[in-house]
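Colleague: no FASTA, just this:
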């Protein structure tokens, strides 16, 4: 809901993709212009990525500073078809778009069955082969970092956000 030009807690936008609804939840009051730009950009980026990748995902945005791993910027929950992002952990608009793009790559990995449903941040199967290694060395994380960069650049180009992408949030 928008009240006095400020996005309120709750459902922000609903997007239809092949008769399936993707819900976007903003779980905090957007008070600063920078956060408003970030939220609006992520809603547009979410729509672009869903259409371009053919992957449906809900999106939950929150801004938490306490009792949360401050390095955790985003997570994709395959069983819920949901990306959760902590805007507090993102430094710029560009960083937010990258995190969203990275998590959308995970959604595509699951859709294409490249990654097993029981995979974790330490082990799992990637394209039929078992892996047990550090988080940064996992093949699905390497793939998501590589493609996250490409997707985010495409979204920034598509939305003509070159100047806004450097805004600190």
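Modeller: That came through, no problem. Just so we're clear, the structure is a prediction, and the values are computed from it rather than from any experiment.

Colleague: Residue 39 versus residue 31, what's the distance?
Modeller: Using C-beta to C-beta, to the nearest Å, residue 31 is found at 11 Å from residue 39. To be clear about C-beta, it is placed using only N, CA and C from the backbone, and glycine gets the same treatment.

Colleague: The two: which is more packed in?
Modeller: residue 39 (22 against 11; other C-beta atoms under 10 Å).

Colleague: how about the more buried one, secondary structure?
Modeller: Judged by DSSP: H, G, I helix; E, B strand; the rest coil, the three-state class of residue 39 is helix.

Colleague: and it, what pLDDT?
Modeller: At residue 39, the model reports a pLDDT of 93.

Colleague: Ok, the one 3 residues further on next?
Modeller: Looking at residue 42, its pLDDT reads 95.

Colleague: and if you look at residue 64?
Modeller: pLDDT, read off for residue 64, is 74.

Colleague: Phi first, then psi, for residue 157.
Modeller: The phi/psi pair for residue 157 (degrees, to the nearest 10) reads phi -60, psi -50.

Colleague: The one 4 residues further on now?
Modeller: Residue 161 adopts backbone torsions of phi -110, psi 20, taken as degrees, to the nearest 10.

Colleague: so where do the helices sit in the chain?
Modeller: Ranges of helices within the chain are 33-53, 93-111, 139-158, based on DSSP state H.

Colleague: Name the stretch among those helices that sits most buried.
Modeller: Of all those, helix 93-111 has the most neighbours on average by mean count of other C-beta atoms under 10 Å, namely a mean of 23.

Colleague: That helix packs against which elements?
Modeller: helix 33-53, strand 74-77, strand 82-86, helix 139-158 (3 or more C-beta pairs under 8 Å, 6 or more residues apart in numbering; DSSP states H and E).

Colleague: Could you provide these in JSON lines, with additional columns for distance to residue 115?
Modeller: Listed next are the helices and strands packed on helix 93-111 as JSON lines, based on distance: least, C-beta to C-beta, whole Å:
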{"stretch": "helix 33-53", "distance to residue 115": "15"}
{"stretch": "strand 74-77", "distance to residue 115": "10"}
{"stretch": "strand 82-86", "distance to residue 115": "15"}
{"stretch": "helix 139-158", "distance to residue 115": "5"}
